[in-house]
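K.L.:
structure of the sequence below:
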Amino acid sequence: MKHTIAAVLLISVLGTPAFAQDPWTNTDTALAVTYAGLAIVDLGQTINGAETTNGHEMNPLLGRHPSRDKLIAFTALYVPLNTYIAYRLPHPYRRIWQALTIAVDAACVAHNYSIGLKVKF
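P.N.:
Down below sits the predicted model:
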């Protein structure tokens, strides 16, 4: 069910063309880089947590105990996909998407930090 919902959402977003008056801006690039940086920090923290704690992954797409390779593959696929979705969205939806994804990943990084996870690759 969750894969069906994700597929429908993805198809609907990717099918929404960006309007010509909504070019990609330097701010969009800065937000995309911010998200990518947070995703990489989250990846490093999650790898550290998988190797040093008995905790579990909270992302339902990854499962409770994903392998290191699965974590890396997910990040390697999702960061460009996130940027592509932002690129395809018209304003103001592009900024809303970028703000939400940054906020979610920032919350994950902050939580991981609060429980003592370091960045480790």
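K.L.:
report the buried residues of the helix of greatest length in the chain.
P.N.:
If you go by DSSP state H, the chain has its longest helix at helix 26-52. Neighbour counts using 16 or more other C-beta atoms under 10 Å place 28, 31-32, 35-36, 38-50 of helix 26-52 among the buried residues. The way it works is simple: take the backbone N, C-alpha and C, and place the C-beta from them, glycine included.
K.L.:
again with stretch 83-92
P.N.:
Buried-residue list, stretch 83-92, by 16+ other C-beta under 10 Å: 83, 85-86, 88-89.
K.L.:
all the helices of this protein, residue numbers only.
P.N.:
Ranges of helices in the chain, per DSSP H, are 2-14, 26-52, 68-88, 93-114.
K.L.:
those helices into a markdown table, with extra columns for distance to K120 and mean pLDDT?
P.N.:
Shown next, in a markdown table, are the helices of the chain (distance: least, C-beta to C-beta, whole Å; pLDDT from 0 to 100):
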| stretch | distance to K120 | mean pLDDT |
| --- | --- | --- |
| helix 2-14 | 29 | 52 |
| helix 26-52 | 4 | 95 |
| helix 68-88 | 10 | 95 |
| helix 93-114 | 11 | 97 |
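K.L.:
for P60, which of those helices is the nearest?
P.N.:
helix 2-14 (6.5 Å; C-beta to C-beta).
K.L.:
please tell me how far the nearest residue to Y87 once chain neighbours are set aside sits from R94.
P.N.:
Excluding its sequence neighbours, the residue lying closest to Y87 (C-beta to C-beta, 6 or more residues apart in numbering) is W24, at 6.1 Å. Distance, W24 to R94, using C-beta to C-beta, to the nearest Å: 9 Å.
K.L.:
the two: who's more crowded?
P.N.:
Taking neighbours as other C-beta atoms under 10 Å, W24 and R94 compare with R94 leading, 21 against 13.
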